[in-house]
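Novice: Fold the stuff below for me.
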Amino acid sequence: MGPNTTEQQTPPPRLGRYRLVRCISTGGMARVYEARRESLAGVAPKVALKLILPKYAQDPTFQQLFINEARIGAQLQHQNLVGIQDFDREGDHFFLVMEFVDGITLRGAISTCRRNGIQIPLSVIAELGRQVADGLQYAHEACNEEGQALFLVHRDVKPSNIMLNPQGVAKVLDFGISKALTLAAESTGTVKGTWGYMAPEQAAATEVGAGADQYGLAAVLYELAMLQALFPEKKPAILRGLMVEDEGARRANRLSGEHAPLASLLVRALQRDPAARFRNCRELGQALAGLVPDPVAAREQLVSFYGTLRTLSEDSASLGPASGPSAASAGSGMTLDRHVPGLPVAVGDARRPYAADEHHGVAPSLRTPPRSGLSTGMIAMIGLGVCVIGFTSYLLATHETPSPPITPQPTAPVVVDEEPPEFSVEEAVNDLLEEAPEEAPEEEVVEPEPVQPRLSRSPVPKPVVSAPEPDPPELGGMGTLTISSLPRSKVIVDGQFVRYTPLFQHEIESGPHSITLETDDGRRTRFKVDVHANSEVRRIWHFETGQWVEQ
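Specialist: Residues are numbered from 1 along each chain as shown. You can find the predicted model right below:
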C-alpha cells in the first residue's frame, strides 16, 4: 500500500515551539516550510524548517542522511553557508531548523535571465563564484569540536543549492549528501550527486575529495555565463563518456566576448584528473577575484542584479525562496559536437566567433528583452517620409499656375506638366536620409582568413617533429610543461615516468628535454621540447591522426 497522500501534503500545524506558516518547497526526501520560532513577548523570528517526508521517516538510511546533515551543518558557521540552528524530533517527525534566506536560487536566476534575454555580467559571475568558493573552502577545512578535521565534501554543488540574498551574499545550502570521513562510511561503488554537475571521479563511484566541489562550482559558473547547462545530455552512460574525454573543459574553452577571461579558469577546474585542477577552492576563489577589479563595486552590482531579477519575477514561480528544491537543468538545442571530441587541456581560440546556433556572449550586459519588428527610429523615419509625400502630393494636386505679372517686358510662358511626377515611399525615405548629417566614416573591416580545421582527418600520420623555439632556452631557471593526449597516455620525461595525461603546468628545469607518450595499448610517440625559464610549453598529441593539435 502506497504512502498516505493526505499525510504528505498536509503540514502539521506545529512542531515543538515552531509554528509552520507555509510550505516553501519539496525535495527528494524532505519538505521545507517557512516557520516561526515562538518565544516570550511575542518574539517570533522567521526560520526555515526542513521536515523529512513521511514515507521516508521510518527508513534508517534517510534518517542517517538527515542526522548527518544536521550534525555537519551545526559545526559550520560561515557567511556563505546556510546555518543550522536546531535539530529535533517530535513523534515520527524529524526536523531540521535552518537560517531563513529570503533570496533567489541561481536556478531561478538563470531561468529568469534566459526568459528575459539578459546576459549575466562577468563581474557578477566572478563575485558569485568567489563567495561560493570561499564558503566551500571553509567547509573543506572544518573541524569538529575536538579539533579533528572533518574532510567535508558537499558533493552536490548545483544552481538550485546556491542562493543570492538581497544584500548580495551567496549562500550554499543542502549538505544532505555531503561526506565527512568522521561520519558513517558509505558502501563502495555508491554514486551520489546530480548528473551534469558531479565530477568524473564522483560519477565513477571512486574516492571523492574536495576537488569534486570545485568541478561542480565550475559547471555552475559556466551555466551562469552561457545560460545553459554545461552538460545538457541526460543519460549517465553518455555523461560518463563525455567526462572521460574532458568534454567539459573543451566546452568551457569556447567562452568568448565578455566572458572570455573566465574560460581559462573553468578549463582548469573542469579537468577530468583532480590533480590537474586548482589545488583547492581557495586558489579558484583567488583566480575569480582577479576578474573583479573593485570588490565593493562587485558587491553593489550583485545587489543591483538581485533587484533586477526580483522585479522581473514578481509574478513568476521560477524564483524559489529559501532552500528551494532541486530543479531540473534547463536543456538547450545548442549543438556542441562539431569539434573533435576528447581534447583535454585548453584547446581552440577563446575569441572564436559563435556559430549561429550558439548563445551569443557578446551582447551587452543586462540588455533589454529582444523585440520583433522595426525599431522605433525606423518607424519614425518612415512616418516622416509618409508625411512629406502626402504634403507634396497635396501641393501638386491643388497647384494653380499664377497669372504672369503685367509688365512691359515680355515674359516666357510658364510650362506645367500635364501629370504630377510619381513619388514612392522608398524614394522619399532615401531623400531624407541623404539630407541627414553625414556620420563619421566607419573603419575598414578586414575579413579574417578562414581558420583551418585543427585536426586533419587524413589517415596518413605526420612525422613527429617538435616545433623549434625561436631562441635557445635560458639555462638555470624553471619552466612548466603542459602535455595531454587523446586517448590518455603515460608521460615519460627524460626517461622517468611522471603521470598520466593531462600533465598540467609541471615544473621542470629550463633546457632541452625528451618526452615520450605511451598509451596502455602500446602506441608511443617521442619528441623533444626546449623549455625556457618562466615560460610554459604546451603540447597535445592525437594518437588517432598522428598529429599535434593546434592550440
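Novice: Low-confidence ranges, the stretch 101-250 of the chain, go.
Specialist: For the stretch 101-250 of the chain, the stretches with pLDDT under 70 are 176-191.
Novice: Which stretches in it count as strands?
Specialist: Under the criterion DSSP state E, counting those that start in this stretch, strands of the stretch 101-250 of the chain are mapped to 104-105, 162-164, 170-172.
Novice: Just list what the shortest one packs against, helices and strands only.
Specialist: In terms of contacts (3 or more Cβ pairs under 8 Å, 6 or more residues apart in numbering; DSSP states H and E), strand 104-105 is packed against strand 162-164, helix 295-312. Where you see a C-beta, it was placed from the backbone N, CA and C, and this is true even at glycine.
Novice: who touches stretch 278-286?
Specialist: Among residues not part of stretch 278-286, those counted as contacts by Cβ atoms under 8 Å, 6 or more residues apart in numbering are 129-130, 133-134, 136-137, 140, 210, 213-214, 217-218, 265, 268-269, 287.
Novice: how about a cut-off of 7 Å?
Specialist: For stretch 278-286, the external contacting residues (Cβ atoms under 7 Å, 6 or more residues apart in numbering) are 130, 133-134, 136-137, 140, 210, 213-214, 268-269.
Novice: Which positions within it qualify as buried?
Specialist: Of the residues in stretch 278-286, those buried by neighbour count under the rule 16 or more other Cβ atoms under 10 Å are 278, 280-285.
Novice: same deal with stretch 489-505?
Specialist: Judged by neighbour count using 16+ other Cβ under 10 Å, the buried positions of stretch 489-505 are 489-493, 498-504.
Novice: And the residues you listed, which is closest to residue 273?
Specialist: Within the set of those, residue 502 lies nearest residue 273; the separation is 6.0 Å, counting by Cβ to Cβ.
Novice: Surely the closest one is in contact with residue 270?
Specialist: No. At 11.4 Å, residue 502 and residue 270 do not qualify as touching, with contact defined as Cβ atoms under 7 Å.
Novice: residue contacts, residue 543?
Specialist: Here residue 543 is in contact with 485-487, 519, 523 (criterion: Cβ under 7 Å, 6+ apart).
Novice: neighbours around the spatially closest residue to residue 79 that is not a sequence neighbour, how many?
Specialist: Spatially, and ignoring its direct neighbours in sequence, residue 79 is nearest to residue 169 (6.2 Å; Cβ to Cβ, 6 or more residues apart in numbering). Using other Cβ atoms under 10 Å, the number of residues around residue 169 comes to 19.
Novice: same thing with residue 509?
Specialist: The burial count assigned to residue 509 is 14, neighbours taken as other Cβ under 10 Å.
Novice: check contacts around it.
Specialist: residue 478 are the contacts of residue 509 under Cβ under 7 Å, 6+ apart.
Novice: where's it relative to residue 503, distance?
Specialist: Taken as Cβ to Cβ, to the nearest Å, the spacing of residue 509 relative to residue 503 amounts to 16 Å.
Novice: related to what we said a few turns ago, go through the buried residues of stretch 489-505 and flag which are in strands.
Specialist: If you go by DSSP state E, the buried residues of stretch 489-505 have 490-493, 498-500, 503-504 in strands.
Novice: Could you point out which of the strands of the stretch 101-250 of the chain sits nearest residue 237?
Specialist: Taking Cβ to Cβ as the measure, the strands of the stretch 101-250 of the chain were each checked against residue 237, and strand 162-164 came out nearest at 27.8 Å.
Novice: helices or strands up against that closest one?
Specialist: Helices and strands touching strand 162-164, as assessed by 3 or more Cβ pairs under 7 Å, 6 or more residues apart in numbering; DSSP states H and E, comprise strand 104-105, helix 106-116, strand 170-172.
Novice: on that earlier part again, output the contacts of stretch 278-286 as CSV; include the columns distance to residue 153 and neighbour count.
Specialist: Conversion of the contacts of stretch 278-286 to CSV gives the following (distance: Cβ to Cβ, whole Å; neighbours: other Cβ atoms under 10 Å):
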residue, distance to residue 153, neighbour count
130, 20, 24
133, 14, 30
134, 16, 22
136, 9, 28
137, 12, 21
140, 7, 21
210, 6, 20
213, 6, 30
214, 10, 29
268, 19, 22
269, 15, 30
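Novice: Next step: those restricted to helices.
Specialist: The helices, defined by DSSP state H, take in 130, 133-134, 136-137, 140, 213-214, 268-269 from those.
Novice: Distance check, the residue lying closest to residue 224 once chain neighbours are set aside against residue 138.
Specialist: Using Cβ to Cβ, 6+ apart and skipping the chain neighbours, the partner closest in space to residue 224 is residue 125 (4.8 Å). Per Cβ to Cβ, residue 125 is found 21 Å from residue 138.
Novice: Those two - which one has more neighbours?
Specialist: Just comparing residue 125 and residue 138: by other Cβ under 10 Å the higher neighbour count belongs to residue 125, 22 against 19.
Novice: Surely the more buried one touches residue 222?
Specialist: No. With contact taken as Cβ under 7 Å, residue 125 and residue 222 are classed as non-touching, separated by 9.4 Å.
Novice: Give me the subset of the contacts of residue 543 lying in helices.
Specialist: When DSSP H is applied, the contacts of residue 543 are split such that none fall in helices.
Novice: For residue 503, which residues count as its bridge partners?
Specialist: For residue 503, the beta-bridge assignment (DSSP bridges) gives partners residue 483.
Novice: Any regions of the stretch 451-551 of the chain where pLDDT drops low?
Specialist: 451-476, 550-551.
Novice: Show me where it has its strands.
Specialist: So, for the stretch 451-551 of the chain - with DSSP E, counting those that start in this stretch - the strands run 478-486, 490-493, 496-500, 503-509, 511-518, 524-531, 536-542, 547-548.
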